[in-house]
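>>> make a model of this:
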Amino acid sequence: MRLDVRVGTPPEKPLLIFDGDCNFCRVWVHRWQHATGDYVEYVPFQDPSLAERYPELPRAGFETAVHLIEPDGRVFNGAEAAFRALGHSPHESILLAWYARRPWFARTSEVIYRFVASRRPLFSKLTRLAWGQHPEPSTYHLVRLCFLKALGLVYLIAFLSLWVQLMGLIGSGGILPANLTMFGLRQEVNAAHVGWTRYLAAPTLCWISASDGFLKFQCGAGVALAVLLILGIAPAPCLFLLWLIYLSLSVVFRDFLHFQWDNLLLETGFLAIFFAPLQLLPFKPSLPPSRLMLWLLRWLLFRLMFGSGLVKLASGDPTWRNLTALQFHYETQPLPTWIGWYAHQLPARVQQFSTLMMFIIELVVPFLIFAPRRLRQIPCVAFVALQIVIFLTGNYCFFNLLTTVLCLTLLDDRALSRLLPAALIKNLKLSPAEQPLVTAMNPSAPDSGVTTCRRWPIQFIFPLTCIAILMPLMQNAMALFPRLNVPRELIRAYAWISPFRSFNHYGLFQVMTTNRMEIVIEGSDDGKTWSAYEFKYKPGDVKRRPGFVAPHQPRLDWQMWFAALSDYRYNPWLVELCIRLLNGSPKVADLLRTNPFPRAPPKYLRAVMYEYKFTDFATRRRTGAWWRREPKGLYLPVMTKKSTVN
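Down below sits the predicted model:
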């Protein structure tokens, strides 16, 4: 608040007077110095020269509150003095604006200030707990650099994984040919959209061409752009093109590229466009990353983790409610590993405790994402540990890696620099503006004589922030409360945005599958003797050990798991798979581990359903089998070349 006094010899620049004997005051003044730089001078009231310079100010007042002397002689103390001192920094003026324009905020701030000032020893300990030994504002140059390089690695893996399966899945001789998909889209979309508007309804570059060559070109371009992103060359343009191409392929891949981690990659990649520096060449000084975009990436991580826990409870599934879900999970997940087999053998109490810990990590720990920097390290460690366990026990493609990349946003440069080897940081050749520990005093100031890159304007970032907050909240609200009356404007906005799959709702394993059904496709030349097609990664031969395939995702093997949860009539792609096998498509056969009819395709084809269960230690020692299975009847009736499903 303002004091009814003016000093006779005002300072040349704002002067903040604090208690130099108070550890709490020293810590926060140190933090403010980094925020205001040379705009404000800081002096402890124990300085003997102060009494001579400002005899108008009583010494007793300095012991209870900070004082700010402005160059015009005015004196302020308490919360207003702190806000005015910070307000002299171009980047820290929002609190002063609130204090000046909102009386309730000013009154509340002064009450909180007096409460904290009277309990400084306690809050000194809390400050150390929350911020550690270094209270200065965090920098995120190194975090952004590592985040973008790691995201480039995820994109590289994703495009390489798609490339090796491309022809068998959506090539001209594949299961769901892209040219036929685009033919259907032209009939459907062109009736309501003309010109460029069709790209909004179905955002894919395959409007240009759906040929095999153009599909390969898109994957190749994705690989090349991912490498450029890893090298730090034109990160923002590369990220935009990577997002565009992956979105383009997701339209024509249809069922095979519609998993939650595909949405997560699209959303992360879209936000990263505006988190990246606007520069073309690496190792150039850059402005600090946008704090709003950093916050949106953390918001995405929060929604991913908290949403996954929330849907489990909201589903009403008894296995989640009574903590028995993990007694089924390792066995029934799409592609378990051999470590998952061992995890399945753990006692029931261990499984229940593990489920409880998972709920704590997904429902409680995420709120620490928005805590001060030292406390943010708790969710970072917890989430990464959970992803490691998931990776070891099941194959979830690049999901674990992508989630870990998002966890980087919970760290600051100081914390991350402690995790990386010194030689690696040196090899990154960070520019002076990107040195996390060198520019702590004024990280936003560019080197003199060096032209820095531009950043995305706040007029663009702010509306994007509103959309990124509102759309997921609306999706979650509609999922949890189906009868909720949502404003029509929001529904129309969501309908326009949803084809781009960049603002999504997340929630993994909402309902636990308690038994594992597997589809085995069999062929025959006489209709009596049947031979099975063996898939590369999903369970088939009971003696084949479950293996590791992540971060590659065998899309067909994954879809076979989902197909087993419903009737074949809800999975027309599976019928198309059988038709291709009957026609002897070599590209489709390449997606399989073994082809029992290498010379000529079979005359008959069928799909049989089996229930698979993990064996126990005794059975595996005796028989060498990792699985035991029991036939459950036909899944798909017998097919021939000349017939549809009989």
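
>>> any idea how far Tyr246 is from Thr197?
Taking Cβ to Cβ, to the nearest Å as the criterion, Tyr246 is separated from Thr197 by 22 Å. Glycine gets a C-beta too; all of them are placed from N, C-alpha and C.

>>> ditto for Leu228
To Thr197, Leu228 is 31 Å away according to Cβ to Cβ.

>>> ok so, going back, pick out whichever of Tyr246 and Thr197 has more residues nearby.
A count of neighbours by other Cβ atoms under 10 Å puts Tyr246 above the other of Tyr246 and Thr197, at 23 against 10.

>>> show me what contacts that one?
155, 158-159, 222, 262, 265-266, 269 (Cβ atoms under 8 Å, 6 or more residues apart in numbering).

>>> among the residues you listed, which one sits closest to Thr529?
Asp262 (40.3 Å; Cβ to Cβ).

>>> got the contact list for the helix or strand where Leu402 lies?
For Leu402, the element it lies in under DSSP states H and E is helix 399-407. Helix 399-407 has contacts (Cβ under 8 Å, 6+ apart) with 147, 150-151, 153-154, 157, 260-261, 264-265, 268, 297, 300-301, 304, 379-380, 383-384, 387-388, 390-391, 550-551.

>>> let's see it at 6 Å
With Cβ atoms under 6 Å, 6 or more residues apart in numbering as the test, helix 399-407 has contacts from 150-151, 154, 261, 264, 301, 380, 383-384, 387, 390-391, 551.

>>> any idea which helix or strand comes after it?
The helix or strand immediately downstream of helix 399-407 is helix 413-419, counting by DSSP H and E.

>>> distance from that following helix to the middle of the chain?
A distance of 20 Å separates the centroid of the chain from that of helix 413-419, by Cα atoms, centre = their mean, to the nearest Å.

>>> repeat that for stretch 220-234.
With Cα atoms, centre = their mean, you get 20 Å for stretch 220-234.

>>> extract the C-alpha trace of that stretch and format it as PDB.
Taking C-alpha atoms only, stretch 220-234 is exported to PDB below (Å, rounded to 0.1, in the frame of the first residue of the first chain):
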ATOM      1  CA  GLY A 220       9.400 -40.700 -47.000                       C
ATOM      2  CA  ALA A 221       8.800 -37.000 -46.500                       C
ATOM      3  CA  GLY A 222       7.800 -37.700 -42.900                       C
ATOM      4  CA  VAL A 223      11.100 -39.500 -42.300                       C
ATOM      5  CA  ALA A 224      13.100 -36.700 -43.900                       C
ATOM      6  CA  LEU A 225      11.300 -34.000 -42.000                       C
ATOM      7  CA  ALA A 226      11.700 -35.900 -38.700                       C
ATOM      8  CA  VAL A 227      15.500 -36.100 -39.300                       C
ATOM      9  CA  LEU A 228      15.600 -32.300 -40.000                       C
ATOM     10  CA  LEU A 229      13.600 -31.700 -36.800                       C
ATOM     11  CA  ILE A 230      16.100 -33.800 -34.800                       C
ATOM     12  CA  LEU A 231      18.900 -31.700 -36.400                       C
ATOM     13  CA  GLY A 232      17.100 -28.500 -35.400                       C
ATOM     14  CA  ILE A 233      16.700 -27.200 -38.900                       C
ATOM     15  CA  ALA A 234      13.500 -25.100 -39.400                       C
END
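
>>> what comes into contact with it?
149, 152, 155-156, 159, 235, 238, 241-242, 245, 280, 282.

>>> same deal with stretch 152-165?
219, 222-223, 226, 229-230, 242, 398, 401-402, 551-553, 555.

>>> pull out the buried members of those residues.
219, 222-223, 226, 229-230, 242, 398, 401-402, 551-553, 555 (16 or more other Cβ atoms under 10 Å).

>>> what would these look like in CSV with distance to Leu122, pLDDT and secondary structure?
Output for those, formatted as CSV (distance: Cβ to Cβ, whole Å; pLDDT from 0 to 100; DSSP: H, G, I helix; E, B strand; the rest coil):
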residue, distance to Leu122, pLDDT, secondary structure
Cys219, 58, 97, helix
Gly222, 54, 98, helix
Val223, 55, 98, helix
Ala226, 50, 98, helix
Leu229, 47, 97, helix
Ile230, 47, 96, helix
Leu242, 49, 98, helix
Phe398, 45, 96, coil
Leu401, 42, 97, helix
Leu402, 41, 98, helix
Pro551, 47, 95, coil
His552, 53, 96, coil
Gln553, 51, 95, coil
Arg555, 56, 97, helix
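
>>> will you turn those residues into JSON lines that also has distance to Met609?
Shown next, in JSON lines, are the buried ones among the contacts of stretch 152-165 (distance: Cβ to Cβ, whole Å):
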{"residue": "Cys219", "distance to Met609": "34"}
{"residue": "Gly222", "distance to Met609": "37"}
{"residue": "Val223", "distance to Met609": "38"}
{"residue": "Ala226", "distance to Met609": "40"}
{"residue": "Leu229", "distance to Met609": "44"}
{"residue": "Ile230", "distance to Met609": "44"}
{"residue": "Leu242", "distance to Met609": "40"}
{"residue": "Phe398", "distance to Met609": "30"}
{"residue": "Leu401", "distance to Met609": "33"}
{"residue": "Leu402", "distance to Met609": "33"}
{"residue": "Pro551", "distance to Met609": "30"}
{"residue": "His552", "distance to Met609": "27"}
{"residue": "Gln553", "distance to Met609": "24"}
{"residue": "Arg555", "distance to Met609": "21"}
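
>>> what about Phe481, how many neighbours?
10.

>>> should've said Glu630
Counted with other Cβ under 10 Å, Glu630 comes out at 9.

>>> my read: it touches Tyr612, true?
No. Shown here, Glu630 and Tyr612 do not form a contact pair, counting by Cβ atoms under 6 Å, at 8.4 Å.

>>> please write out the alpha-carbon positions of stretch 508-525 in CSV.
Taking Å, rounded to 0.1, in the frame of the first residue of the first chain, the C-alpha atoms of stretch 508-525 are listed here in CSV:
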residue,chain,number,x,y,z
LEU,A,508,-7.0,-45.7,-21.8
PHE,A,509,-8.5,-49.1,-20.7
GLN,A,510,-11.8,-47.7,-19.6
VAL,A,511,-13.1,-51.3,-19.2
MET,A,512,-10.8,-54.2,-18.5
THR,A,513,-11.1,-57.2,-20.7
THR,A,514,-11.2,-60.3,-18.5
ASN,A,515,-10.8,-63.1,-21.1
ARG,A,516,-8.5,-63.2,-24.1
MET,A,517,-10.2,-64.2,-27.4
GLU,A,518,-7.9,-64.7,-30.4
ILE,A,519,-8.9,-65.0,-34.0
VAL,A,520,-6.9,-67.7,-36.0
ILE,A,521,-7.3,-67.5,-39.8
GLU,A,522,-7.1,-70.9,-41.5
GLY,A,523,-7.0,-71.9,-45.1
SER,A,524,-7.7,-75.2,-46.9
ASP,A,525,-7.6,-76.7,-50.4
